[in-house]
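Novice: Give the three-dimensional model of this entry:
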Amino acid sequence: MRKPTSSLAPRTKPLKRPTQARARFTVQAIFDAYVRIWQRDGWEGLTTRKVALETGIAVGTLYDYFPSKEALHSGYVRHCIEQLITRVDAQVVAPEDMPWQARIRHLIQLLCGQETPAWFHPDMLDLEPRIADPRLQQRAYGELLAMWHRVFAACGDLPPVSSETIEALHLAIWGGRRYGLLVRLDDARMKAWAAAMERLCLSLIEHDEQRP
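Specialist: Predicted coordinates:
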């Protein structure tokens, strides 16, 4: 059987992931410059040369990781997801003796972008056809869902919650955040949405644990 190949064109894929501390520092600086330039000049005004100059590196060094601005965007989105998962594991999964309600509230605030959110712009959704790879999207979905399961596994004071409920919560929050970005809800409305999601999620979990 042939192995499935990526649907991304070569120049829209990041070329390598940093492993050494110096390389990770360089890539983080690239992402920081990418965000600053996008905020200042917009996507159309963003070029890899501008990012390299603002980062203080050679264009060739940037191309070692990102051969195009589409590849840079793909890497940035992946970086944001990884940072989110790392933050949830450290702040929600790892603490001991945290009541389950507090874990879930903190998780939802992180997922809704209410605590140290990554920078996103509605126009990023328009880029998905250029960079979206079904296999990578499936992998990210699985990693985020596994994160939810780790959170519930850490809730020792909560009876088991069904896998169906956990996945429904994941879809509701992740999909809601994306839709809020698409229609450009302002910060106040996104904050109100996050508070409502807390109440909905806690209510659903309490109902689920009462099921036979």
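Novice: ok, residue 33 to residue 200 distance?
Specialist: 38 Å (CB to CB, to the nearest Å). Just so you know, the C-beta spots here come from the backbone N, C-alpha and C atoms, and that holds for glycine as well.
Novice: which of those two has more neighbours?
Specialist: Regarding residue 33 and residue 200, a neighbour count based on other CB atoms under 10 Å identifies residue 33 as having more, with 21 against 14.
Novice: Let me see the contact set for the more buried one.
Specialist: With contacts defined as CB atoms under 8 Å, 6 or more residues apart in numbering, the neighbours of residue 33 are 51, 54, 55.
Novice: List the contacts of the last one.
Specialist: By CB under 8 Å, 6+ apart, the contact list for residue 55 reads 26, 29, 30, 32, 33, 62.
Novice: Which strand or helix spans the fifth one?
Specialist: It refers to residue 33. Of the helices and strands defined by DSSP states H and E, residue 33 is found in helix 21-41.
Novice: Grab the CA positions of that helix and hand them over as CSV.
Specialist: Listed in CSV are the C-alpha atoms of helix 21-41, where the atom choice follows Å, rounded to 0.1, in the frame of the first residue of the first chain:
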residue,chain,number,x,y,z
ALA,A,21,18.4,25.9,22.4
ARG,A,22,19.9,28.5,20.0
ALA,A,23,17.8,27.3,17.1
ARG,A,24,14.6,27.4,19.2
PHE,A,25,15.5,31.0,20.3
THR,A,26,16.0,31.9,16.6
VAL,A,27,12.7,30.4,15.5
GLN,A,28,10.9,32.2,18.4
ALA,A,29,12.4,35.5,17.3
ILE,A,30,11.2,34.7,13.7
PHE,A,31,7.7,34.2,15.0
ASP,A,32,7.8,37.4,17.0
ALA,A,33,8.9,39.4,14.0
TYR,A,34,6.2,37.7,11.9
VAL,A,35,3.5,38.8,14.3
ARG,A,36,4.8,42.4,14.5
ILE,A,37,5.1,42.8,10.7
TRP,A,38,1.6,41.3,10.1
GLN,A,39,0.1,43.7,12.7
ARG,A,40,1.9,46.6,11.1
ASP,A,41,1.8,45.8,7.4
